[in-house]
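[1] Build the 3D model from these lines:
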Amino acid sequence: MNYLNGSKQELQAEYDLIKKEWDEAKAKGLSLDMSRGKPEKRQLDLCGEMMTILKTPEDCKNENGFDVRNYGLPTGIPELKRIFAGVMGVSEKEIFTGGNSSLNLMYNLIVDGMAIGFAESDKPWGKYDKIKFLCPAPGYDRHFGICQHLGIEMITVPMLATGPDMDLVEKLVAEDETIKGIWCVPKYSNPTGVTFSDETVRRFAALSPKAKDFKIFWDNAYLVHDLYDEGDKLLNIHEQANKTGKGNMVFSFTSTSKITLAGGGVCFVASSEENIAWITKTLALEGLGYDKVNQLRHFRYFKDAAGVKAVMKKHADILRPKFEAVIDEFNKGFGNTGIARYHQPRGGYFISLDVMPGTAKRTWALAKEMGVTLTNVGATFPYGIDPKDENLRIAPSNVLPGDVADIAHYVTVCARLAALEKLLEK
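    Predicted coordinates:
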């Protein structure tokens with residue numbers, strides 16, 4: 001039944017059925033959590049051999065005989081840079097190797113922009129009365145958290161099926177020199193699962209911002225996180241920006257945090273050679289380089305780009321059934337009710353569920369009362385405010401395989417109950 005067209009009697013009968021199911025589920029004393037997109041134990045176990053791959057001091061010498069236990073090689077060991085330069089589609093001179101968190105590199109770069117400015121800056125960002133970032137939404141809550149923590153005003157840009165609304169992006173950056181950057185998760189976007197179209201990438205590379213120190217923060221976290229052999233294809237932003245003469249405008253990021261160890265991976269930032277030189281000089285004041293022992297462990301584990309691909313296939317085999325189980329339950333539970341929108345992503349870590357406007361908070365609360373924890377409503381929007389109160393981020397990765405379908409079904413029950421409550425109120 002399409003809830004939006006149902007009579008009061010039909011809606012009441014449906015409500016009674018769904019409420020009975022919700023009551024029965026609540027009585028089970030559930031304790032289920034689908035709130036964060038973390039790898040599960042089987043994924044973390046995939047790289048067990050990496051933990052003991054360096055057994056002797058002699059093993060700690062890289063391909064050039066450099067002892068990675070010592071100071072030096074501030075941009076990272078060349079053999080690992082070679083692998084991930086290929087993965088990211090840049091030259092080895094256009095990549096910098098960091099620690100385990102690409103988010104840390106993003107934060108550091110923005111703090112440096114605030115404190116000292118970039119090479120193109122007339123003055124540090126922090127010297128302006130106010131600076132702004134464009135924030136495609138639904139988006140990644142931790143990006144928004146960085147802006148809020150640093151007092152950067154956030155301007156929401158709607159996410160479309162092709163990526164951010166580029167008409168709006170182009171208009172805003174051309175008009176306002178205090179707009180200094182934009183956040184992007186271009187492949188299997190968090191949480192929508194959208195991969196930016198070729199046209200969207202080309203338009204990003206051709207942006208003409210009024211701020212000459214405008215930066216694109218291209219968080220390519222799910223660059224190799226395909227769930228199927230034929231994953232989405234993402235145009236290379238660096239190649240496109242070089243064609244337009246705007247290579248300095250782009251910082252792209254990726255990491256092994258969801259490839260090897262979430263708390264012990266390696267991250268990378270890619271940009272123009274000029275920007276990498278600036279990053280190297282700036283970050284040298286913060287420390288004497290990142291963990292090269294860990295970098296060498298990763299290189300010995302992967303060996304080459306084919307090794308990265310082989311590991312990711314194992315991850316896909318673990319994750320794919322979970323995503324398919326969620327979509328299957330959504331298809332069955334929502335059917336033709338007309339109250340939900342979602343699509344099946346071909347990679348990444350999330351499924352974005354839009355329930356009936358005005359009911360996401362109530363859906364979340366019903367799930368919580370039932371014993372099912374979901375990501376907080378509003379987390380996918382700047383300032384934690386979903387203006388339509390409709391978006392829920394579904395994160396099946398760290399859920400036990402036997403619980404995934406149950407949780408997804410319970411979500412449909414709660415969303416349907418919330419929608420029926422609202423409709424019957426009218």
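
[2] Which strand runs longest in this protein?
    Ranked by number of residues, the top strand in the chain under DSSP state E is strand 153-160.

[3] Each with direction, which strands does it pair with?
    Paired with strand 153-160 in the same sheet, following DSSP bridges, are strand 132-137 (parallel), strand 163-164 (antiparallel).

[4] Figure out which of the ones you listed is closest to Lys314.
    strand 163-164 (29.0 Å; CB to CB). The C-beta positions use only the backbone N, C-alpha and C, and glycine is treated the same way.

[5] Please report the distance of the closest residue to Met154 other than its chain neighbours from Lys233.
    Distances taken as CB to CB, 6 or more residues apart in numbering place Pro382 nearest to Met154, at 3.7 Å, with adjacent residues excluded. Pro382 sits 29 Å away from Lys233 when distances are taken as CB to CB, to the nearest Å.

[6] The two: who's more crowded?
    More crowded of Pro382 and Lys233, by other CB atoms under 10 Å: Pro382, with 25 against 8.

[7] hang on, Lys20 in a helix?
    Yes - under DSSP: H, G, I helix; E, B strand; the rest coil, Lys20 sits within a helix.

[8] so what's Ala367 closest to, chain neighbours aside?
    Cys414 (4.6 Å).

[9] residues contacting that neighbour?
    22, 363-364, 366-367, 370, 372 (CB atoms under 8 Å, 6 or more residues apart in numbering).

[10] can you tell me which helix or strand it belongs to?
    Taking DSSP states H and E as the definition, one finds Cys414 inside helix 401-425.

[11] How far away from the center of its chain is that helix?
    The chain centroid and the centroid of helix 401-425 are separated by 25 Å, computed with CA atoms, centre = their mean, to the nearest Å.

[12] ok, now stretch 89-100?
    The answer for stretch 89-100 is 19 Å, by CA atoms, centre = their mean.

[13] ok, back up a step: can you point out the buried residues in the helix holding Cys414?
    The neighbour-count check on helix 401-425 (16 or more other CB atoms under 10 Å) flags 403-423 as buried.

[14] Tell me where the stretch 101-250 of the chain has helices.
    102-115, 141-150, 166-175, 198-205, 237-243 (DSSP state H, counting those that start in this stretch).

[15] Could you export those helices to TSV, including columns for mean neighbour count and distance to Met88?
    Below are the helices of the stretch 101-250 of the chain laid out as TSV (neighbours: other CB atoms under 10 Å; distance: least, CB to CB, whole Å):
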stretch	mean neighbour count	distance to Met88
helix 102-115	19	11
helix 141-150	18	19
helix 166-175	16	23
helix 198-205	20	14
helix 237-243	19	8
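
[16] got the angle between the longest helix anywhere in the chain and helix 401-425?
    Longest among the helix segments of the chain by residue count, using DSSP state H, is helix 305-334. Angle, helix 305-334 to helix 401-425, by axes from the mean of the first three to the mean of the last three CA atoms, to 10 degrees: 40 degrees.

[17] following helix 305-334, which helix or strand shows up next?
    Downstream of helix 305-334 (by DSSP H and E), the next one is strand 351-354.

[18] Run through the neighbouring helices and strands of that following strand.
    The contact analysis (3 or more CB pairs under 8 Å, 6 or more residues apart in numbering; DSSP states H and E) places strand 351-354 against helix 305-334, strand 391-394.

[19] ok, back up a step: between the helices of the stretch 101-250 of the chain, which one is nearest to Gly65?
    helix 102-115 (28.3 Å).

[20] just how off-centre is that closest one within its chain?
    That offset, for helix 102-115, works out to 17 Å (CA atoms, centre = their mean).

[21] Check which helices and strands that helix sits against.
    Helix 102-115 packs on helix 141-150, strand 179-184, strand 215-219, strand 250-255, strand 267-270, helix 273-283, going by 3+ CB pairs under 8 Å, 6+ apart.

[22] JSON lines for the ones you listed, including distance to Phe350 and mean pLDDT?
    Output for those, formatted as JSON lines (distance: least, CB to CB, whole Å; pLDDT from 0 to 100):
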{"stretch": "helix 141-150", "distance to Phe350": "11", "mean pLDDT": "98"}
{"stretch": "strand 179-184", "distance to Phe350": "15", "mean pLDDT": "98"}
{"stretch": "strand 215-219", "distance to Phe350": "14", "mean pLDDT": "98"}
{"stretch": "strand 250-255", "distance to Phe350": "17", "mean pLDDT": "98"}
{"stretch": "strand 267-270", "distance to Phe350": "20", "mean pLDDT": "98"}
{"stretch": "helix 273-283", "distance to Phe350": "29", "mean pLDDT": "93"}
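
[23] Look up how far Gly98 lies from Leu44.
    Distance from Leu44 to Gly98, by CB to CB: 21 Å.

[24] ditto for Leu4
    Here the criterion is CB to CB. By it, Leu4 lies 49 Å from Gly98.

[25] In terms of neighbours, single out the busier of these two.
    In this view Leu4 and Gly98 are compared by other CB under 10 Å, and Gly98 has more residues nearby, 24 against 12.

[26] my read: that one touches Gly265, true?
    No - the pair Gly98 / Gly265 is not scored as a contact, 10.0 Å apart, by CB atoms under 8 Å.

[27] coming back round to it: farthest-separated two in the contacts of Cys414?
    Trp22 and Trp364 (13.8 Å).

[28] Among these two, which residue is more densely surrounded?
    Trp364 (24 against 19).

[29] doesn't Asn376 make contact with that one?
    Yes - using CB under 8 Å, Trp364 makes contact with Asn376 at a distance of 7.2 Å.

[30] Residue ranges in the stretch 1-150 of the chain under the pLDDT threshold?
    Within the stretch 1-150 of the chain, no stretch has pLDDT under 70.
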